[in-house]
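Novice: coordinates only, sequence not included:
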């Protein structure tokens, strides 16, 4: 009995200490575009990718999303815990929607303080870039839709050249057209 | 004997009539970049991708390549038949290197006239874009290296938004890091 109890305590401590996992979810064209323009969200992605994204979001405690992306998907996101990144001061928080200015708040500390363990990063480009540059992208689920836009908004929009290496863990063909889900993990630099 | 001869004639006619196949070969980062800048070629791609590219180039009759990309790989390309796209007038043709201005020459007719059947398209962005926009991309071999640049040169640089659908035919993991070779075919619009 004592052993079982001690085991349970250790298990609880382990859960409480568990590191938050930041999981980016994105869909891109063959040429790496997440949208044609700022107001163009996901009308071009496959039903299979949307289904995958919804299921993954349901497993996450909170969603980090940029304000532009949030506005293009208010309805589905209104049911989730959302941290909406915005530099504008005139935003109204709601029960499950908190606006955070990433220039003024240590986002990682903010999330840690709230005890979230599984954090989804939903874009857009500025949000993906912020998270990548602040070591807040442990995993990346990237669906490549078999379409070319030719121009548009990139997955990342870094001011500086990066050279971030990831590790491809798995690939999955989602449908007959060839929507392809890639799963990457960040390479631990420690 | 007569039947054999007639058969041979038909076979020759068939070969002569066979459609040229345009095969684009590209390596991109996870975020869809082919290079950091105009003079940055393929020092960042995996040995496995380079090996694949060399083998595929050896099977092609001619290489279409933009002048900037050509300059970054003169040594390996000097042994191939090359059509180098350039808008500059002061270029010197050699036995196996012909400069073509795509604004002044019907590239498809030019290639047809020379009887080439397997044509490799090696980039850069302007050349890939020209070929895509002129229905000169029947196949695309795209290696995704598990790296993020954050910014750089896109695979395509179209002035207009496109919506070109392709069909994913196969995927192949090239190494342990997760360099991934994707093989797409154009969807026949006829």
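Specialist: Cool, got the structure. These numbers were taken from a predicted model, which means no experiment stands behind them.
Novice: quick check: next helix or strand after the longest strand belonging to chain A?
Specialist: Secondary structure assigned by DSSP state E gives strand A:164-173 as the longest strand of chain A. Remark: after strand A:164-173, the chain's next helix or strand is strand A:180-186, criterion DSSP states H and E.
Novice: what's that next one packed up against?
Specialist: On a contact count with 3 or more CB pairs under 8 Å, 6 or more residues apart in numbering or on different chains; DSSP states H and E, strand A:180-186 meets strand A:139-144, strand A:164-173. Where C-beta positions appear, they are placed from N, C-alpha and C, glycine not excepted.
Novice: ok, residues contacting the shortest one?
Specialist: Residues external to strand A:139-144 that are found in contact with it (CB atoms under 8 Å, 6 or more residues apart in numbering or on different chains): A:21-30, A:45-46, A:49, A:52, A:56, A:155, A:166, A:174, A:179-186, B:30, B:144, B:182.
Novice: and for stretch A:75-87?
Specialist: Residues contacting stretch A:75-87 (CB under 8 Å, 6+ apart): A:54, A:57, A:61-67, A:70, A:91, A:96-103, A:107, A:110-111, A:116, A:122, A:126-127, A:130.
Novice: of those residues, buried ones?
Specialist: Buried residues within the contacts of stretch A:75-87, counting neighbours by 16 or more other CB atoms under 10 Å in any protein chain shown: A:57, A:61-67, A:70, A:97, A:99-100, A:102, A:107, A:111, A:116, A:122, A:126-127, A:130.
Novice: and the spatially most central residue of chain A, what are its bridge partners?
Specialist: Centroid check for chain A by CA atoms, centre = their mean gives residue A:121 as the closest residue, at 1.6 Å. Beta-bridge partners for residue A:121, by DSSP bridges, are residue A:24, residue A:64.
Novice: tell me which residues touch it, please.
Specialist: Residue A:121 makes contacts with A:22-25, A:63-65, A:127-128, A:131, A:136-137, as judged by CB under 8 Å, 6+ apart.
Novice: can I get these in CSV with pLDDT?
Specialist: Listed next are the contacts of residue A:121 as CSV, based on pLDDT from 0 to 100:
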residue, pLDDT
A:22, 98
A:23, 98
A:24, 98
A:25, 98
A:63, 98
A:64, 98
A:65, 97
A:127, 97
A:128, 98
A:131, 97
A:136, 96
A:137, 97
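Novice: with adjacent residues omitted, what lies nearest to the closest residue to chain B within chain A?
Specialist: Closest approach between chain A and chain B, counting by CB to the nearest CB: residue A:32, at 1.7 Å. Leaving aside its chain neighbours, residue A:32 sits nearest to residue B:32 (1.7 Å; criterion: CB to CB, 6 or more residues apart in numbering or on different chains).
Novice: what is the burial count for the one you found?
Specialist: When neighbours are counted by other CB atoms under 10 Å in any protein chain shown, residue B:32 registers 26.
Novice: contacting residues around it?
Specialist: A:28, A:31-33, A:154-155, B:154-155.
Novice: what's the closest non-adjacent residue to residue A:173?
Specialist: Using CB to CB, 6+ apart and skipping residues adjacent in sequence, the residue nearest residue A:173 is residue A:180, 5.7 Å away.
Novice: ok, which stretches of chain A are helices?
Specialist: For chain A, the helices defined by DSSP state H occupy A:2-17, A:47-59, A:67-72, A:74-77, A:107-114, A:125-133.
Novice: hey, which of those is tucked in deepest?
Specialist: Each of these was assessed for mean neighbour count using mean count of other CB atoms under 10 Å in any protein chain shown. The highest is helix A:125-133, with a mean of 23.
Novice: which neighbouring elements make contact with it?
Specialist: strand A:21-28, strand A:62-66, strand A:82-85, strand A:118-121.
Novice: distance to residue A:38 added to the ones you listed, as JSON lines?
Specialist: As requested, the helices and strands packed on helix A:125-133 are exported to JSON lines (distance: least, CB to CB, whole Å):
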{"stretch": "strand A:21-28", "distance to residue A:38": "16"}
{"stretch": "strand A:62-66", "distance to residue A:38": "10"}
{"stretch": "strand A:82-85", "distance to residue A:38": "14"}
{"stretch": "strand A:118-121", "distance to residue A:38": "18"}
